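Enquirer: Sequence plus the predicted model coming up.
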Amino acid sequence: MNRHYIFLDVDGTLVSYENELPESAVTAIKQAQKNGHKVYTVTGRSKAEMYEDILSIGFDGYIGGNGSYIESDGEIISERSLSYEDCKNIVDWLRDKGLEFYLESNEGLYGSEYFAERAQKPLQVYTARKGNEDADKITVKDAFPDMIFGENLYREKINKISFVLNDYSDYLEAREVFSDFKVGTWGGAGETALFGDVALDNIDKQTALDLLMTYLNESDKHTIAFGDAKVDIPMLEYCTTGVAMGNGGTEIKEIADYVTNDVMSDGLYNAFKYFGLI
C-alpha cells in the first residue's frame, strides 16, 4: 500500500458547522494512520480554535490561518503573521469605521469591545445558511467559547483579523485601503457576505501544502485533500486526488475528483474506505 498524505479541512469537512465531530471520522483517521498514512488538518482556524476534541485525535501536523502557519510532527515549518504595526493600522481603521472585530492568533482569539453583541445576529444568519435549525439561539460564546475580551488589541503574531460588515461597502473600502494585503469576506456569497477579513497576501492552502511537501522532500508522493468550500479549491487542485464533501458548494464539487457524503453522514469514513486508505 502506498503511503498517502491526507489533508483535511476542518469546518464542514472534519466537523459540522455546529462543531459536531462524527465518531466515524475519528475512526477513519486513526485507522488510516495505523495503515501508515499521514493526516494533517488544513484550516482557516488559528490554533487557539483547535479545541481538545479535535487535537486529541492526534494528527501528524497542522496548517492553520489558511496557510500562514505550518507544523509537522510538533515542529514549526513556517509561521507568517501580521506585524505589530500592521495590526495597529488595521485595528485603528476598523475602530474609526465603527466596525467590531476579533484578532485570530495561535495564542488566542481577542474580541473588540462590542463584538459579542454586534456579531450575534450575523453569526445566527451564517449558521442558519449552513442548515442549523437552532441558529436563532447561537451566541458568540457558543461559536467562540475561548474568545478573550478586554485585552490589548495592538498585537504581533496575528494570523488574521475578521470584522463584522455593517454594509458590503465596508469590504470594498477595506480592499482599497489595504491593497497590499489579502482582504476577503465570509459568511455568504457576494454582497450577502456577513464578515470581512484581512491577512497577509500570497498565502493560501495550496502554497502551504507545496511548502510542507517540499520541506518533507515528499513533493512527488500520493496526496489527497478533502474540503467543502471555495477556499479549499486550491488545496484540492494541488493534490493528486481532491474530494468534496456532500454538503460542499457547487464550485468545489465541480472540480473535485470525487464527491463523498455529507460530513454528518460518514462522509470522511466512506471516502477513506472508497480510496483504500482504511
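Expert: Happy to help now that I have it. Residues are numbered from 1 along each chain as shown.

Enquirer: For K221, give me the pLDDT.
Expert: Note on K221: pLDDT of 80.

Enquirer: Over to G248?
Expert: As predicted, G248 sits at a pLDDT of 89.

Enquirer: Could you tell me how many residues sit around A193?
Expert: For A193, the count of nearby residues is 18 (other Cβ atoms under 10 Å). The way it works is simple: take the backbone N, C-alpha and C, and place the C-beta from them, glycine included.

Enquirer: List the residues that contact it.
Expert: Shown in contact with A193 (Cβ atoms under 8 Å, 6 or more residues apart in numbering): 165, 168, 171, 185-187.

Enquirer: go on, G108?
Expert: Per Cβ under 8 Å, 6+ apart, neighbours of G108: 48, 146-148.

Enquirer: Also F101?
Expert: Contact analysis of F101 by Cβ under 8 Å, 6+ apart lists 91, 94, 111-112, 115, 161-164.

Enquirer: any idea which of those residues has the most stuff around it?
Expert: Result: I161 is most packed of the contacts of F101 (other Cβ under 10 Å), 27 neighbours.

Enquirer: so how far is A193 from that residue?
Expert: As judged by Cβ to Cβ, to the nearest Å, I161 and A193 stand 15 Å apart.

Enquirer: do the same with L82
Expert: Plainly put, L82 is 21 Å away from A193 if you go by Cβ to Cβ.

Enquirer: For T250, grab phi and psi.
Expert: Reported as degrees, to the nearest 10, the phi and psi values for T250 are phi -60, psi -40.

Enquirer: Tell me, how many residues neighbour it?
Expert: Per other Cβ under 10 Å, the neighbour tally for T250 reads 8.

Enquirer: if I pick the closest residue to E79 other than its chain neighbours, what's in contact with it?
Expert: Excluding its sequence neighbours, the residue lying closest to E79 (Cβ to Cβ, 6 or more residues apart in numbering) is Y69, at 5.2 Å. Each residue near Y69 by Cβ under 8 Å, 6+ apart is listed here: 46-47, 62-63, 76, 78-81, 106, 159.
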